[in-house]
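1. Prediction below, plus the sequence it came from.
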Amino acid sequence: MQIALPPLAWPLGLAGLLPFLGLLVAVLLGQVWAAGALAAYGATILSFLGAVHWGLMLAAPWQAARTRLVGGVLPSLLAWVALLAPVRLGLGLLGLGMIALVMVETVATRRGLLPMAYLRLRWVLTAGAATALLAASFTVR
C-alpha cells in the first residue's frame, strides 16, 4: 500500500517522544513520581496505537476485520494490566507491548494492509518509546 503521510506526521510523532525521554531522565535522576507518570503515558500511547487498527477496519471493513478488531483491543488491555502491575513490571510490559505491536504491523504492511510510510514512522517512534520504557523498567527498584 503506497500512501504518503501528511507532512505533520513526522514532527508530531517525534514530539510525542518528548514525554518518554523527559520522564526517563526524571527516572534516572531518582524522581519517585516519574516512573508512574512514564507508565501512564506509555499506557495512553499503547492504547492510542491499538485504536489505529479500529480506524483502519472502519475505513476498509472487508480487509481482515476480525484481526483488526482484536488487534485494536489487545493493546489497551495490555496497557491496563501494565498499570495494575508493580511499576517495574508495568514499564517492561508496555515496552514489550509496543515492540510486539510494531512487529504485527510489519506483517500487516507486508500483506498490503498498512502503508509503508506509516510503518517507517512507527519503527522510529517505537524504538524511542520502547527504549525509554525498558530502560526505566531496569532502573526502577
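-> Ah, there it is.
2. Who are the contact partners of residue 45?
-> 16, 98, 129 (CB atoms under 8 Å, 6 or more residues apart in numbering). (Each C-beta comes from the backbone N, C-alpha and C, glycine too.)
3. quick one: the nearest residue to residue 36 once chain neighbours are set aside and residue 11, what's the gap?
-> Counting by CB to CB, 6 or more residues apart in numbering, residue 36 lies nearest to residue 87, which is 5.9 Å off, once chain neighbours are set aside. Applying CB to CB, to the nearest Å, the value for residue 87 to residue 11 is 31 Å.
4. So for those two, which residue has more residues nearby?
-> Ranked by neighbour count (other CB atoms under 10 Å), residue 87 and residue 11 place residue 87 first, with 19 against 9.
5. So for the lengthiest helix in the chain, mean pLDDT?
-> Ranked by number of residues, the top helix in the chain under DSSP state H is helix 34-59. The average pLDDT for helix 34-59 rounds to 91.
6. Please consider this matter closed, and thank you.
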